[in-house]
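K.L.:
please work out how this folds:
(one chain, ligands or ions: 1)
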Amino acid sequence: MLFTPLTLPNGAIVPNRLAKAAMEETLADAGQLPGPRIVRLYRRWAEGGAGLLITGNVMVDRRALTGPGTIALEADTPLDPFKAWARAARAGGAQAWMQISHPGRQVMANMGGLAWAPSAVALDMGKHSKMFAQPRAMREADIAEVIERFAATAHAAEQAGFTGVQIHAAHGYLLSQFLSPLANRRDDAWGGSLPRRARLLLEVVRAVRARVAPTFCVGVKLNSADFQRGGFSENDAREVLAMLNGEQVDLVELSGGSYESPAMQGRTADGRTLAREAYFLEFARDLAQVATMPLMTTGGIARRAIAEGALQGGVAIVGIATALAAVPDLPRAWQAGGEPAAAMPAVDWKDKALVSLARMALVRRRLHALAAGAGAPARYSPAFTLVLDQLRGARLTRRYRAWLGTVAPL
Ligand SMILES: Cc1cc2nc3c(=O)[nH]c(=O)nc-3n(C[C@H](O)[C@H](O)[C@H](O)COP(=O)(O)O)c2cc1C
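P.N.:
Prediction:
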């Protein structure tokens with residue numbers, strides 16, 4: 001079952017049911033462009049056998065990045081580096097989709113770019129809140145600009161040779177902020193009732209669809225819930241899926257959470273317990289009753305039996321992130337009957353926000369090692385890795401701020 005091809009609504013074929021889920025590589029070269037390291041990393045995954053490779057989030061606006069090592073693709077960005085990236089990702093016959101995203105308020109205060117949000121509501125990260133920018137409520141013209149930017153980035157991704165895009169509407173980034181009644185306090189046409197909160201996502205989907213060929217795939221990553229009291233609920237997700245049924249969407253990936261409630265890492269702020277493996281499968285099973293497009297679920301999947309169970313549970317594609325950082329050829333290994341251990345080291349500290357940062361830093365370090373040609377994972381110290389990650393982040397932030405000052409004065 002895992003190795004049966006899937007035909008998407010637009011007729012495109014995914015050669016098997018295993019997808020590499022998006023992981024921000026933090027490997028941008030100068031100018032926030034892809035370079036030889038990311039090309040090498042994607043060649044590894046292309047050889048690894050997943051049927052769909054979704055890139056880490058690529059920003060639609062160079063003035064608003066999730067982090068200083070993130071890639072940005074705008075209408076006037078040179079395409080050659082992106083062509084090399086797409087070629088590498090497609091080298092093994094997989095679908096190669098670019099995840100396109102706007103961070104909204106989930107930007108660090110020290111980045112010096114824009115912090116746009118539906119409303120001027122800052123992130124609540126407890127004692128770490130000050131690290132994040134104070135956002136400004138978006139005006140009508142800003143909303144129109146964001147819609148146009150998603151379309152322009154999707155068009156550029158197609159020109160570069162990617163076979164699809166995934167619109168990131170999960171994990172508390174801008175489109176997810178609009179969906180959330182906690183972050184979106186607007187009382188105009190873009191806030192209030194769910195259809196209004198979902199309007200930006202729907203308009204982005206339509207604008208992207210209108211700008212690309214029908215054979216180019218358009219997917220959406222959506223939270224099955226935010227796992228915050230009063231946030232975007234499972235019922236909301238069900239209704240948004242019903243709205244997406246009316247659009248030409250080829251795949252919806254279900255995840256969950258945000259920086260405030262990192263359910264995508266298996267931990268929730270509202271105390272709800274997720275399954276130990278395949279965190280969102282229960283939700284996906286339920287949402288599959290509503291969805292007319294194929295569904296993918298990502299989160300906590302590292303064993304073949306769990307992946308197979310997810311398919312039996314009604315999802316069409318199984319998304320894997322961390323385990324494909326540990327073992328980039330996990331699909332090939334499974335197909336050959338192997339079951340390599342694909343877990344990253346556990347981090348068991350008291351400060352849960354630091355645990356999240358350390359876990360991300362460990363995966364990123366592994367991605368950078370793969371990009372440099374490494375073999376089996378080394379045993380990294382979480383504390384040392386976190387320090388290295390912070391130092392690297394500070395260096396890249398200086399580089400980004402200097403570049404931004406020359407290309408996009410605010
Ligand atoms: C280092 C790292 C970077 C990530 N970057 C992204 C991203 O750019 N876009 C996204 O949608 N999810 C991102 N995620 C979340 C993953 O796609 C996935 O939803 C999550 O890690 C749970 O899946 P897993 O248990 O297989 O890792 C990232 C995860 C990690 C560990």
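K.L.:
C-alpha from now on. contacts and neighbour counts both.
P.N.:
Will do.
K.L.:
what about residue 275, neighbour count?
P.N.:
12 (other Cα atoms under 10 Å).
K.L.:
for it, give me the pLDDT.
P.N.:
pLDDT, residue 275: 89.
K.L.:
ok, it - contacts?
P.N.:
By Cα atoms under 8 Å, 6 or more residues apart in numbering, the contact set of residue 275 is residue 281.
K.L.:
rerun at 7 Å
P.N.:
By Cα atoms under 7 Å, 6 or more residues apart in numbering, the contact set of residue 275 is empty.
K.L.:
mind checking how far it is from the ligand?
P.N.:
For residue 275, the distance to the ligand (Cα to the nearest ligand atom, to the nearest Å) stands at 11 Å.
K.L.:
now that residue: phi and psi?
P.N.:
phi -60, psi 150 (degrees, to the nearest 10).
K.L.:
can you pull out the helices in the stretch 1-150 of the chain?
P.N.:
36-48, 80-90, 140-160 (DSSP state H, counting those that start in this stretch).
K.L.:
quick one: mean pLDDT for the shortest one?
P.N.:
Put plainly, it is helix 80-90. 98.
K.L.:
and it, C-alpha only, in CSV?
P.N.:
Provided in CSV are the C-alpha atoms of helix 80-90 (Å, rounded to 0.1, in the frame of the first residue of the first chain):
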residue,chain,number,x,y,z
ASP,A,80,18.7,29.9,-11.6
PRO,A,81,19.4,28.9,-8.0
PHE,A,82,15.8,27.6,-7.7
LYS,A,83,16.1,25.7,-10.9
ALA,A,84,19.1,23.8,-9.5
TRP,A,85,17.1,23.0,-6.4
ALA,A,86,14.1,21.8,-8.3
ARG,A,87,16.3,19.6,-10.5
ALA,A,88,17.9,18.0,-7.5
ALA,A,89,14.5,17.3,-5.8
ARG,A,90,13.1,15.8,-9.0
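K.L.:
what lies in contact with that helix?
P.N.:
33-35, 39, 42-43, 46, 53, 96, 160-162.
K.L.:
scan the residues you listed and report the most crowded one.
P.N.:
residue 96 (29 neighbours).
K.L.:
bridging residues for that residue?
P.N.:
Beta-bridge partners recorded for residue 96 (DSSP bridges): residue 53.
K.L.:
which parts of the helix or strand encompassing residue 354 are buried?
P.N.:
In the assignment (DSSP states H and E), residue 354 maps to helix 352-371. Buried positions in helix 352-371, judged by neighbour count with 16 or more other Cα atoms under 10 Å: 353-356, 358-371.
K.L.:
compute the inter-axis angle for it and helix 36-48.
P.N.:
Angle, helix 352-371 to helix 36-48, by axes from the mean of the first three to the mean of the last three Cα atoms, to 10 degrees: 80 degrees.
K.L.:
just give me how far the helix or strand following helix 352-371 sits from the chain centre.
P.N.:
Moving toward the C-terminus from helix 352-371, the next helix or strand (DSSP H and E) is helix 382-407. The gap between where helix 382-407 is centred and where its chain is centred comes out at 20 Å by Cα atoms, centre = their mean, to the nearest Å.
K.L.:
tell me the secondary structure for residue 297?
P.N.:
strand (DSSP: H, G, I helix; E, B strand; the rest coil).
K.L.:
distance of it from residue 18?
P.N.:
10 Å (Cα to Cα, to the nearest Å).
K.L.:
understood, closing this out.
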